[in-house]
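In: Need a 3D model of the sequence below.
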Amino acid sequence: MTNLFQPNLVAYGDLGGVGVYEVGHFLQHQQYIQKLIAQGITTFPDWDILHMNTIDPNEFLSWLNVHEAVHELLRGYSNVSGVNLSELDPSSPEQWELWQQAHRQEHAAFDLHFGTT
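Out: As a prediction, this is how the structure comes out:
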């Protein structure tokens, strides 16, 4: 399968880049779900993680929490470990960069497990 989440980094405050990032990220998660469905796992909560809404800090924090729950589910099925991706100060460019690196590493581990790259 093709990795639809490339590039999987976006500069802090790059609103146009966030749009591209969001779509690729969402499609990558859809590939993980398809792999789980192929394994007979068919029950998933209805999580909407397409729009990060980085402009509104409260909505972005809500997205971070939902996204962390998605990653927790994926970790359980893939034996991948990771950090709590809901812990991020959205006003900190430094934390954004650290978050992205941790998130990128976790997606690389998911890709390896699910064979999506």
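In: Spit out the contact partners of Ser86.
Out: Counting by CB atoms under 8 Å, 6 or more residues apart in numbering, Ser86 makes contact with 61, 64-65, 67-68. Where C-beta positions appear, they are placed from N, C-alpha and C, glycine not excepted.
In: Go again with 7 Å.
Out: With contact set as CB atoms under 7 Å, 6 or more residues apart in numbering, Ser86 has these partners: 64-65, 68.
In: Same question for the host helix or strand of His67: list its buried residues.
Out: Using DSSP states H and E, His67 falls within helix 57-78. Taking 16 or more other CB atoms under 10 Å as the neighbour-count basis, helix 57-78 is seen to contain the buried residues 63-64, 67-68, 70-71, 73-75, 78.
In: Quick one: name whatever helix or strand follows that helix.
Out: Remark: after helix 57-78, the chain's next helix or strand is helix 93-114, criterion DSSP H and E.
In: Output the contacting helices and strands for that following helix.
Out: When contacts are defined as 3 or more CB pairs under 7 Å, 6 or more residues apart in numbering; DSSP states H and E, helix 93-114 sits against helix 15-38, helix 57-78.
In: Touching the helix holding His67 from outside, list them.
Out: For helix 57-78, the external contacting residues (CB under 7 Å, 6+ apart) are 29, 32, 36, 41, 47, 49, 52-54, 80-82, 84-86, 88, 90, 106, 110, 113-114.
In: Please check the residues you listed and keep the buried ones.
Out: Under a neighbour-count criterion of 16+ other CB under 10 Å, the subset of the contacts of helix 57-78 counted as buried comprises 29, 32, 36, 49, 52, 54, 80, 82, 85-86, 88, 90, 106, 110, 113-114.
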